[in-house]
Structure formats: structure tokens, C-alpha cells
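Colleague: When you get a sec, could you give me coordinates for this:
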Amino acid sequence: MRVSNSPTRFAALLLATGLLTGCSLFGGGPDDSGDEVGRPDAASQRVADEEVEYANLDERELYEEARESLDSGSFTAAVSRLEALDTRFPFGAHAEQAQLELIYAYYEISDWEATRAAANRFIRLHPSHPQADYALYMRGLAAWQAGRFSLERLKLIDISKRDLGASRDAYGDFRELIRLYPDSQYAPDARQRIVYLRNLLSRHELHVADYYMRRGAYLAAVERGRWVVENYPKSEATRDALAIMVEGYLGLEMRDRARESLRVLIENAPDHEQLRGRTFEPDHVKAEPISA
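Modeller: Below is the predicted model of the structure:
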């Protein structure tokens, strides 16, 4: 069964807008009387309450209530109903649809971890489903959101200097989407996000390489530069990665290797700021300029 309304509308909106859009274990308080022992925590109580609330609803009725919540934008209520539907009727007529729409509902309440978990589960259970590309796209989109930071748009921080684990996950998911479903309706948006993430991740590697260079760890700096060139060859950071390799080799007193890297730098970025014609001037290494 294909996704019918909410995820389809959501996907259309994304593609139209384009890129960039302390409790205790048992819930006890100051009073540690025997009445507190065994008291259910908030999550368990919520599940119990929902089981009572939906006990008299059959599968169709519960699904219709979930749909109404989605259509009205009541996504927290939709999550509760869809979770109950998934639990009570795991093999029902609306099971696959509910699993897909639960991915969407989790995303709408900004629960990125739950979105990715639900998408992973759907892909694992239904790898050949017509909407498997949608689940994979949403998995990547949740990682994309988890890797972003609200102040980034205000230019108050450089996101490439942060831990980019979630962004790497998003990059991998979008690349997998392109590989498995090159003609998917989500592929164009995924390709745009890949370009952004490629530049972001390569800049991060350059920050690390620069850190090593300033501390005299020239071999580590060279390896980071090579990683960028080999893994992100189309990124904007490739030219600076080549410059790091030239300077790192100079620091290692490997002038022949430095000259080889310099030739590649001249060929690909003849206007690089460290070049004076065909001569390279190091910034951090105490070494004579080298020419190719």
C-alpha cells in the first residue's frame, strides 16, 4: 500500500522549496514511602492510558483517527494513534501505511532518532516496497536535521567545526538513495543536499588538517588532505586540501612528494592564494618555497 496523503504532500513541499529549507528511576519524590515502590514511570503510564483509550476501537477506526490527526496537524496525537495501531494490529490491512505515516509523524514532532528508527524498520521489513525510497529519503532528512544548528542560519557559528556524525549519516543515506533509486522523485533534492554535505564534511576535514599542521603533526595533516582529495574530489575544499599536502610534505622534508602535489595544485587551482606563479609559499612550515 502506498502512502496516500500526508507524506506525499510533505514530499511535494520539500521538493518545491528545494535545498535548505531529573526524575529518578521509579519516579520517586521527596517522600520515599512504600507507596512509591512499583509506581509506573510517565512513559509506561502513558502507554497504559492509551491502551485503555483505544481499546474499543477496531483497526479501521483507529487508523481513521490517526489520519484525522495528521490532516489537522495534531502530530503528537497522530503519533500516539499510529503507535497504538502498529502495536495492536501489526499485520492488519493498514499496517504498512501506518508504519510509513509514523515516519512522517515523528519527523513533524522533530524526533529525529525515532524518525530514523521507524524508517530503518520499514526498509528492513519491506525492502521492495514502492515507497522504500521515501523511507530512505526521510531517514536521511532526519539525520540532516539532527546535524543542523539553529544559529547556523544567522552565521553565528561555523557548523563545519562541530561534530558531524549526523551529517555523515545524512550524506550516506542520500548517496544510498541516489544509488538505489536514481529515478526517484526524491533524488533531485537528495543530490542538492549531497553537494552541500560534501562541502561541509570536506571543510571539517580541513579544520582538522589545519589543527595538525599548526602542531607539527605533518603526516596526519597530509593524510587528512589526501582523504579530502580522494573522497570529496568535487568539493570546494579540494584546492586547500592539495595545498595542505604540499605544505605537509615540506614539513616532512619530502620535497619530491611535495613537488608532485604542487603540480596537481597548479593544474587544478592556479590562482590559489599560496601560489606565486608556479612557486608555493608555505604558511606554517619553516621551509623554503618550492617550485614545480
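Colleague: Could you tell me which ranges of this protein sit under the pLDDT cut-off?
Modeller: Across the chain, residues meeting the criterion (pLDDT under 70) sit at 1-53, 55, 149-163.
Colleague: Do you have the helices of it handy? List them.
Modeller: Assigned by DSSP state H, the helices in the chain fall at 6-17, 42-53, 59-72, 75-88, 95-108, 112-125, 132-146, 165-180, 187-214, 218-231, 238-251, 255-268.
Colleague: Nearest approach to residue 281 belongs to which of these?
Modeller: Residue 281 sits nearest to helix 238-251 of all those, at 9.3 Å, using Cβ to Cβ. Using the backbone N, CA and C atoms, a C-beta is placed for each residue, glycine as well.
Colleague: Mind giving me the packing neighbours of the closest one?
Modeller: Packed against helix 238-251 by the contact rule (3 or more Cβ pairs under 8 Å, 6 or more residues apart in numbering; DSSP states H and E) you find helix 187-214, helix 218-231, helix 255-268, strand 279-280.
Colleague: From the chain's centroid, how far away is that helix?
Modeller: Chain-centre distance of helix 238-251: 29 Å, with Cα atoms, centre = their mean, to the nearest Å.
Colleague: ditto for stretch 65-77
Modeller: Mean-position distance between stretch 65-77 and its chain equals 26 Å (Cα atoms, centre = their mean).
Colleague: got the contact list for it?
Modeller: Identification of contacts with stretch 65-77 by Cβ atoms under 8 Å, 6 or more residues apart in numbering yields 5-6, 57, 78, 81-82, 85, 98, 101, 104-105, 108-109.
Colleague: what about 7 Å?
Modeller: Contact with stretch 65-77 is made by 5-6, 78, 81-82, 85, 98, 101, 105, 108-109, as judged by Cβ atoms under 7 Å, 6 or more residues apart in numbering.
Colleague: follow-up on the earlier one: format the helices and strands packed on helix 238-251 as CSV; extra columns: mean neighbour count and distance to residue 139.
Modeller: Below are the helices and strands packed on helix 238-251 laid out as CSV (neighbours: other Cβ atoms under 10 Å; distance: least, Cβ to Cβ, whole Å):
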stretch, mean neighbour count, distance to residue 139
helix 187-214, 19, 11
helix 218-231, 20, 21
helix 255-268, 17, 35
strand 279-280, 19, 43
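Colleague: Now distance to residue 91 too, for these, in CSV please.
Modeller: Compiled in CSV, the helices and strands packed on helix 238-251 are given as follows (distance: least, Cβ to Cβ, whole Å):
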stretch, distance to residue 91
helix 187-214, 32
helix 218-231, 43
helix 255-268, 57
strand 279-280, 66
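Colleague: quick check, nearest of the contacts of stretch 65-77 to residue 264?
Modeller: Residue 264 lies nearest to residue 108 out of the contacts of stretch 65-77, by Cβ to Cβ, at 47.1 Å.
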